[in-house]
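Trainee: This is a predicted model, with the sequence first.
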Amino acid sequence: MKNIYLLSSPSYTVVTSEIKRITEDNSNITYESLNSTTIYDCIDDASYFGLFDEKRIIVIRDVKYFGGKFNYEEEVEALINFLSSLDDSMTIIFVCDSITKTKDSTKRVLALGAEILDYQELTEEKIKDIINGYLETNKITIEKNALELVLKNSLNNVDIAIKDIEKVANIDNHITTDLINEFGIKLENVDTFEFSNAVIAKKFDIAFSLLDKLLASGVDEFQILGVLSSSYVNMYMVRDAINHGLTDEEVAKKLGYSGTGRVYVMKKNSKIYTTEDLEKIIIDLSDLDIKLKSGYNANYKLKEFLLKL
């Protein structure tokens, strides 16, 4: 069994928590991004580290080899050759834009003993598991009704839910419904949804105006990003389910919607986008999330994202 993982999720929280689980707090970790380096450089670095006996972990982000329509044959061949002789003291985690199990590159790395951790579609149960793990790690307790309220207010966006809990836990590490109502994040803000709807409809004059208004009124940039991400991820999941032959009723049940009305809206909204468009937008939103967490100017980066649509 090789120490190889293919990890994929639109959620920054899921990716970081899975990396932490796999690495078991090992501090000997190297992070690479294929947006800023090549797989050949990553292989050279890993080969150098492999000369030493100590356990080494390499996390490679922005990997496109195991999903999507392009094959990257030369890069994949070099990677498979390297992984075939991977030393047991080394663990490689590929953080992938997407994972297609039937893709030849994926089959080849699976044959080497790789494990797939695909969290592109997060069920409410999985979201609760992630949140409970965060609560346990940080010694925070939360009332059952308060947790349900957090999920409702965050639109089941795990990143925003964690941020909400983190914010309220600074006040009291036993979180009640009253605390969430008073201090928690609420994404039901009509302006936030108006902004999201304007972006999805590509009504950019309205979108830019609403964005300025939201930021000027002190709305957290991650709330804005969360609503956008939820909208595009939901459109993609509905599109994918319909493409696989599910009826509106089956899609609603699969995604946990209370009726088919939301499915209808998502289908209608997604008509101006191709599947490839939605995949790229979701990846861009994930990259934007990382940039904002790294301290980039929210106003500039959000507007830059809009200009690329």
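Mentor: Looks like it came in fine.

Trainee: Over to the residue nearest to Lys69 when sequence neighbours are not counted: give its phi and psi.
Mentor: Spatial nearest neighbour of Lys69, excluding adjacent residues (CB to CB, 6 or more residues apart in numbering): Glu276 at 7.5 Å. C-beta: built from backbone N, CA, C; applies to glycine. The phi/psi pair for Glu276 (degrees, to the nearest 10) reads phi -60, psi -40.

Trainee: CA-only coordinates of the biggest helix by length in the chain, as CSV, when you get a sec.
Mentor: The single longest helix within the chain, with elements called by DSSP state H, is helix 221-243. Extracted C-alpha coordinates of helix 221-243, given in CSV (Å, rounded to 0.1, in the frame of the first residue of the first chain):
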residue,chain,number,x,y,z
GLU,A,221,-16.1,39.1,2.5
PHE,A,222,-16.3,35.4,3.3
GLN,A,223,-20.1,35.7,3.6
ILE,A,224,-20.2,37.1,0.1
LEU,A,225,-17.8,34.5,-1.2
GLY,A,226,-19.8,31.8,0.6
VAL,A,227,-23.1,32.7,-1.1
LEU,A,228,-21.4,32.8,-4.5
SER,A,229,-19.7,29.4,-3.9
SER,A,230,-22.9,27.8,-2.7
SER,A,231,-24.8,29.0,-5.7
TYR,A,232,-22.3,27.8,-8.3
VAL,A,233,-21.7,24.5,-6.5
ASN,A,234,-25.4,23.8,-6.2
MET,A,235,-25.9,24.6,-10.0
TYR,A,236,-23.1,22.2,-10.8
MET,A,237,-24.5,19.4,-8.6
VAL,A,238,-28.0,19.8,-10.1
ARG,A,239,-26.5,19.9,-13.6
ASP,A,240,-24.5,16.7,-12.9
ALA,A,241,-27.4,14.9,-11.4
ILE,A,242,-29.7,15.7,-14.3
ASN,A,243,-27.1,14.6,-16.7
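
Trainee: After that helix, which helix or strand is next?
Mentor: Where DSSP states H and E defines the elements, the next helix or strand beyond helix 221-243 is helix 248-255.

Trainee: Show me the strands in this protein, by range?
Mentor: Here the chain has its strands, by DSSP state E, at 4-8, 29-33, 56-63, 90-96, 115-118, 141-142, 174-175.

Trainee: export those to JSON lines and tack on mean pLDDT?
Mentor: Output for the strands of the chain, formatted as JSON lines (pLDDT from 0 to 100):
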{"stretch": "strand 4-8", "mean pLDDT": "95"}
{"stretch": "strand 29-33", "mean pLDDT": "88"}
{"stretch": "strand 56-63", "mean pLDDT": "90"}
{"stretch": "strand 90-96", "mean pLDDT": "93"}
{"stretch": "strand 115-118", "mean pLDDT": "93"}
{"stretch": "strand 141-142", "mean pLDDT": "95"}
{"stretch": "strand 174-175", "mean pLDDT": "95"}
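
Trainee: how about those strands, which one is nearest Lys308?
Mentor: Lys308 lies closest, by CB to CB, to one member of the strands of the chain: strand 56-63, at 16.6 Å.

Trainee: What pairs with the closest one, parallel or antiparallel?
Mentor: Strand 56-63 pairs in its sheet with strand 29-33 (parallel), strand 90-96 (parallel), by DSSP bridges.

Trainee: what bridges to the nearest residue to Val95 once chain neighbours are set aside?
Mentor: In space, and not counting its chain neighbours, Val95 is closest to Arg61: 4.4 Å by CB to CB, 6+ apart. Judged by DSSP bridges, the bridge partners of Arg61 are Ser33.

Trainee: For Leu83, see how far away Arg61 is.
Mentor: Arg61 is 17 Å from Leu83, where distance means CB to CB, to the nearest Å.

Trainee: now do Asp240
Mentor: Note on Asp240: its distance to Leu83, by CB to CB, is 29 Å.

Trainee: more crowded one of these two?
Mentor: Leu83 (21 against 16; other CB atoms under 10 Å).

Trainee: what about the closest residue in space to Val251 that isn't next to it in sequence, neighbour count?
Mentor: Nearest non-adjacent residue to Val251, counting by CB to CB, 6+ apart: Ala241, 4.4 Å away. If you count neighbours by other CB under 10 Å, Ala241 ends up with 20.
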